[in-house]
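Novice: based on what follows, work out the 3D shape:
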Amino acid sequence: MGPVVNILIVDDDPAKLIALRAVLDPLGANVVEARSGPDALRHLLKEDFAVILLDVRMPIMNGFETAEMIRQRPASELTPIIFVTAFDQADTNLGRGYELGAVDFVFSPIVPAILRAKVTVFLELHKSQQELKRYRTQLQGLVQERTTALTAINRELEAFSYFVSHDLRAPLLSIDTIAQSLLDNPEVVSDGTNDQIMRLRRTSKQMMALFDGMQTLFRLTGGDIRRQKVDISRIATEIIAQFQAQEPKRQVDSRVEEGLTASGDAGLVRILLTNLISNAWKFTRDKPQPVITIGSERVAVETRLFVRDNGVGFDMIYAHKLFGAFQRLHSQSEFAGEGIGLAVAQRIVNRHGGRIWAEGAMGEGATVYFVL
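Specialist: Below is the predicted model:
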């Protein structure tokens, strides 16, 4: 059972107050009596009321004047007011009452069942509002707790990121430098040892690449998103040209739809497209006629951008693993990489409030769709 709510009845006639209390007592609310407008205002300073029953005709300050004073107080400006009057409807200034925020008029003789029904509506409404207020307070407290916890987690992540980028990366860099110096002096290194050192260098470089990937993921968790109109076609064309310049002997049929645009952070969108096109470029490596397409599809009211290739593809059973950090569906020997490209892409899309997914089949290529 919830807390008892208050009803304020305002009338200068003690007999009418007794009659109103008798009608309202069965509702189980706390009925508070006031014998004048000023007396009602004093009660409103102390307590919160679900509804006010206000007599129109009172000396010194009538019901309309009292209602005007009630409405001037922020705490009671929305409290429902039911005017109670012995005047007939024709002699009552209904327009003035409704201007002052009256929700209803009750005319004498009062029918108890009808008055109780009307008041009950506002009692239930008040209880619901109080319950919502309690839920809101609890939710705000929970949000504050989660925010505090997330802040602590982010600080730990920042500390870990610093540790990775400095305390772990630096020793690996030293190992790689020493290994390179040994390889530069073949007279002190045997052929067998040379192979071991080469393997050591490859491993250290892979670990540094993993650390760089972790750094990228950490960096994507902070900063503001600055949305603007982004020319997807232009950026995609530039990225493909960069890959082609790095491997001029590769012949890739790259197709970029003209006029592609999106609303997003230009820097992050470039990273997103770079990762998606990089994957397509990599996984079409063994195709005799590789094709990479950057385009769009209109589905209902949604425009989906995509990067499609005819490369090795993947089994849709493992689609849920594609966007996990450091998840790989192909071995390092088949296709080099650290397995963070799609994780980075997903992080960027999520930060824009969008979504990203992939479709494909083994040996038939893959398509990554995204909506920003």
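Novice: the chain: strands as residue ranges?
Specialist: Secondary structure of the chain by DSSP state E: the strands cover 6-10, 30-34, 51-55, 81-85, 102-107, 227-231, 253-256, 261-265, 291-299, 302-309, 355-360, 366-371.
Novice: a markdown table please, covering those strands and showing mean pLDDT.
Specialist: Shown next, in a markdown table, are the strands of the chain (pLDDT from 0 to 100):
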| stretch | mean pLDDT |
| --- | --- |
| strand 6-10 | 94 |
| strand 30-34 | 94 |
| strand 51-55 | 92 |
| strand 81-85 | 87 |
| strand 102-107 | 80 |
| strand 227-231 | 94 |
| strand 253-256 | 96 |
| strand 261-265 | 93 |
| strand 291-299 | 95 |
| strand 302-309 | 95 |
| strand 355-360 | 93 |
| strand 366-371 | 95 |
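Novice: now do the contacts for Phe94.
Specialist: Residue 94: Leu, not Phe. Phe105 (Cβ atoms under 8 Å, 6 or more residues apart in numbering). The C-beta positions use only the backbone N, C-alpha and C, and glycine is treated the same way.
Novice: please identify the most buried of the strands of the chain.
Specialist: Highest mean neighbour count of the strands of the chain: strand 51-55, a mean of 27 (counted as mean count of other Cβ atoms under 10 Å).
Novice: name the nearest residue to Asp286, sequence neighbours excluded.
Specialist: What sits nearest to Asp286 in space, not counting adjacent residues and going by Cβ to Cβ, 6 or more residues apart in numbering, is Val312, at 7.3 Å.
Novice: same list (the strands of the chain) but as a markdown table, adding distance to Thr66.
Specialist: Shown next, in a markdown table, are the strands of the chain (distance: least, Cβ to Cβ, whole Å):
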| stretch | distance to Thr66 |
| --- | --- |
| strand 6-10 | 7 |
| strand 30-34 | 9 |
| strand 51-55 | 6 |
| strand 81-85 | 9 |
| strand 102-107 | 12 |
| strand 227-231 | 52 |
| strand 253-256 | 73 |
| strand 261-265 | 54 |
| strand 291-299 | 60 |
| strand 302-309 | 56 |
| strand 355-360 | 56 |
| strand 366-371 | 57 |
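Novice: nearest to Gly341 among the ones you listed would be which one?
Specialist: Counting by Cβ to Cβ, Gly341 lies closest to strand 366-371 out of those; the figure is 10.1 Å.
Novice: give me the sheet partners of the closest one and which way each runs.
Specialist: Paired strands of strand 366-371, with direction, are strand 302-309 (antiparallel), strand 355-360 (antiparallel) (DSSP bridges).
Novice: next, the angle strand 261-265 makes with that strand.
Specialist: 70 degrees (axes from the mean of the first three to the mean of the last three Cα atoms, to 10 degrees).
Novice: all numbers from here: first residue = 13
Specialist: Sure thing, new numbering starts at 13, so read that last one as strand 378-383.
Novice: distance between strand 378-383 and the chain's centre?
Specialist: 22 Å (Cα atoms, centre = their mean, to the nearest Å).
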